[in-house]
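Colleague: the following comprises the amino acid sequence and a computationally predicted model.
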Amino acid sequence: MKKTPKIHAKEFATRREQLMRMIGEESIAIVPSAGLKIRNRDAEYGFRQNSDFLYLTGFNEPDAVAVFIPEREAGEYILFCRERDPKAEQWVGRRAGLEGAQKTFGADDAFPIIDIDDILPGLLEDRAAIYYNMGEDTEFDTQVMAWVNVLKKKVRSGVHAPQEFVSLPLILHDMRLYKSPAELRVMRHSARTAVAAHTRAMQVCKPDMMEYQLEAEYLHEFRKNGMETSYTSIVGGGENACILHYVENDQMLKDGDLVLIDAGAEYLGYASDITRTFPVNGTYSEEQAKLYQIVLNAQKAAIAKAKPGNCWNDMHDAAVFTLVAGLADVGILEGEIDTLIEEKAYFPFYMHKTGHWLGLDVHDVGDYKVDDHWRLLEPGMTLTVEPGLYVSPSDDVDKKWWNIGIRIEDDVLITKQGCEVLTKDLVKEVDDIEALMATN
Ligand code: GLY
Ligand code: MN
Ligand code: MN
């Protein structure tokens, strides 16, 4: 088995140090883990850690709270978590416990999560500001207020309660936007698996398969590599491809239709996110090929803008321009390109943006605008580029185009020189897709 990339304890420690440097020695930051969620009756969903918590701790258990207290002599990083409990662990799985929290996960100190209400108010004493993600979880908001109120009641004994609440995402999400070399190795690994998975789906696709059978093909590749889906994936044949978030995946794939697969893998929490649209029978019809080529040209035009110094929206503008020019060329739109763009005449066919940040969350964190200006692209940022065209039946459009839905999505890293397409090994030219599909 080849060695798979990891993010080492040292990197998590560096992230925590950076966070503490940025919040300053008068402050404290509190980050809760995700909890288990009931799926039905007493069965739970598979556990997925909160991305902020995972980024700072690497600790993949529920019922935990990480606390960061810069310059605290008795220890800056405190982890509240579940204690070891052999009986419980035999039923629900292993726990790191307090010792593991310190030895494996680098906490300076660790306490049982059940004691947090007794201990946390003391840690807030004489700190001026609390950084946390306000409003993410109302129950946690209430808990934080209760801890602060414990201190307020002690004011006559000379204790100061924090007076300021500051948004932790303001700092943390900017850190998460720039990927480290280790994160990029992990993301490349996720991308490689997603590429293999889409390739496999293309190779086995044939008319009269069910959409879920194609889904089973890429899921097999994900699980074979120890990964999961990074979001609820889409297999949409024919008109289903025009529904942006179609997830039923339960219809038959028809001869002569296109099928759109939007699926990505998650590895150590990091997402890939790929879309390809290909002919169920292995050969694009004339109309399908024409619209496909327009979307592909738009995607390439957008990727050409993915470089340092350009701003976020340059990619979208390039995609829109190419899509509109293409739609005018085939007669779906009529008029001057600039006017069609200005009047958003393309909106019935292209109603979403051209991409999003990608990382621990598939729609990753990070601002798209800074001070009301589109953000400049910088090395280390990772994002998707995913233009599409969706032609729903309408009297305004010749019937021959109806129900063609196409999206092409790749994952891109901004580099010093320009960009690297992390998913470039997945075919996307018409000829290459047809040639690959002919090999099954
Ligand atoms: N798969 C979600 C997206 O493409 O944004
Ligand atoms: Mn996407
Ligand atoms: Mn996608």
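Modeller: Arrived safely. Ligands and ions are numbered 1, 2, ... in the order given.

Colleague: need the contact list for the residue in the stretch 1-150 of the chain that ligand 2 sits nearest to.
Modeller: Nearest residue of the stretch 1-150 of the chain to ligand 2: residue 51, at 16.1 Å (C-beta to the ion). C-beta: built from backbone N, CA, C; applies to glycine. By C-beta atoms under 8 Å, 6 or more residues apart in numbering, the contact list for residue 51 reads 176, 269, 359-361, 365.

Colleague: tell me how far it lies from ligand 3.
Modeller: Using C-beta to the ion, to the nearest Å, residue 51 is found at 17 Å from ligand 3.

Colleague: same question, residue 438
Modeller: Applying C-beta to the ion, the value for residue 438 to ligand 3 is 26 Å.

Colleague: now do the same for that residue: its pLDDT.
Modeller: Residue 438 is assigned 96 on the pLDDT scale.

Colleague: now it: closest residue in space, sequence neighbours ignored.
Modeller: Of all residues beyond its chain neighbours, the one nearest residue 438 is residue 282 (6.0 Å), with distances taken as C-beta to C-beta, 6 or more residues apart in numbering.

Colleague: contacting residues for that neighbour?
Modeller: By C-beta under 8 Å, 6+ apart, the contact set of residue 282 is 205-206, 434, 437-438.

Colleague: rerun at 10 Å
Modeller: Residues in contact with residue 282 (C-beta atoms under 10 Å, 6 or more residues apart in numbering) are 202-203, 205-207, 433-440.

Colleague: residue 287 now?
Modeller: Here residue 287 is in contact with 330, 391, 398, 400-402, 404 (criterion: C-beta under 10 Å, 6+ apart).

Colleague: okay, these in TSV with distance to ligand 2 and pLDDT next?
Modeller: Shown next, in TSV, are the contacts of residue 287 (distance: C-beta to the ion, whole Å; pLDDT from 0 to 100):
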residue	distance to ligand 2	pLDDT
330	26	98
391	20	98
398	30	98
400	29	98
401	24	98
402	25	98
404	20	98
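
Colleague: so among these, which ones count as buried?
Modeller: Buried by 16 or more other C-beta atoms under 10 Å: 391, 401, 404, out of the contacts of residue 287.

Colleague: hmm, the second one is touching residue 348, no?
Modeller: No. Counting by C-beta atoms under 10 Å, residue 401 does not reach residue 348; the two are 11.6 Å apart.

Colleague: what does this structure put close to ligand 3?
Modeller: 262, 273, 275, 409 (C-beta under 5 Å from the ion).

Colleague: burial count for residue 387?
Modeller: With neighbours defined by other C-beta atoms under 10 Å, the count for residue 387 comes to 29.

Colleague: next, give phi and psi for it.
Modeller: Per-residue torsions, residue 387: phi -70, psi 160 (degrees, to the nearest 10).

Colleague: tell me who's in contact with it.
Modeller: Residue 387 makes contacts with 294-302, 315-316, 318-320, 322-323, 350, 352-355, 406-409, as judged by C-beta under 10 Å, 6+ apart.

Colleague: which stretches of the protein form helices?
Modeller: Applying DSSP state H to the chain gives helices spanning 9-23, 51-57, 86-92, 97-103, 116-124, 138-152, 169-177, 181-204, 211-224, 286-304, 312-329, 337-342, 430-437.

Colleague: buried residues in the shortest one?
Modeller: This means helix 337-342. Residues of helix 337-342 classed as buried: 337, 340-341 (neighbour count, 16+ other C-beta under 10 Å).

Colleague: circling back: neighbour-wise, which one of the contacts of residue 51 leads?
Modeller: Ranked by neighbour count (other C-beta under 10 Å), the contacts of residue 51 have residue 359 at the top, with 25 neighbours.

Colleague: thinking again about what came up before, would JSON lines of the contacts of residue 51 with pLDDT be doable?
Modeller: Shown next, in JSON lines, are the contacts of residue 51 (pLDDT from 0 to 100):
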{"residue": "176", "pLDDT": "98"}
{"residue": "269", "pLDDT": "98"}
{"residue": "359", "pLDDT": "99"}
{"residue": "360", "pLDDT": "98"}
{"residue": "361", "pLDDT": "98"}
{"residue": "365", "pLDDT": "98"}
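
Colleague: just those residues: which are in strands?
Modeller: Judged by DSSP state E, strands contain none of those.

Colleague: got the buried residues for stretch 344-359?
Modeller: For stretch 344-359, the neighbour count (16+ other C-beta under 10 Å) marks 345-346, 349-350, 353-359 as buried.

Colleague: so how far is it from its chain's centroid?
Modeller: Its chain's C-alpha centre and that of stretch 344-359 lie 17 Å apart, by C-alpha atoms, centre = their mean, to the nearest Å.

Colleague: quick one on the thing from earlier: which of the contacts of residue 287 lies closest to ligand 3?
Modeller: Using C-beta to the ion, residue 404 is the member of these that sits closest to ligand 3, with 18.4 Å.

Colleague: that older thread, so what sits against both of residue 401 and residue 348?
Modeller: Common contacts of residue 401 and residue 348 (C-beta under 10 Å, 6+ apart): 332, 391-392, 394.

Colleague: which of these are buried?
Modeller: 332, 391.

Colleague: still on that earlier bit, reformat the residues of the chain next to ligand 3 as a markdown table; add pLDDT, neighbour count and distance to residue 33.
Modeller: Below are the residues of the chain next to ligand 3 laid out as a markdown table (pLDDT from 0 to 100; neighbours: other C-beta atoms under 10 Å; distance: C-beta to C-beta, whole Å):
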| residue | pLDDT | neighbour count | distance to residue 33 |
| --- | --- | --- | --- |
| 262 | 98 | 25 | 29 |
| 273 | 99 | 28 | 24 |
| 275 | 99 | 24 | 31 |
| 409 | 99 | 25 | 31 |
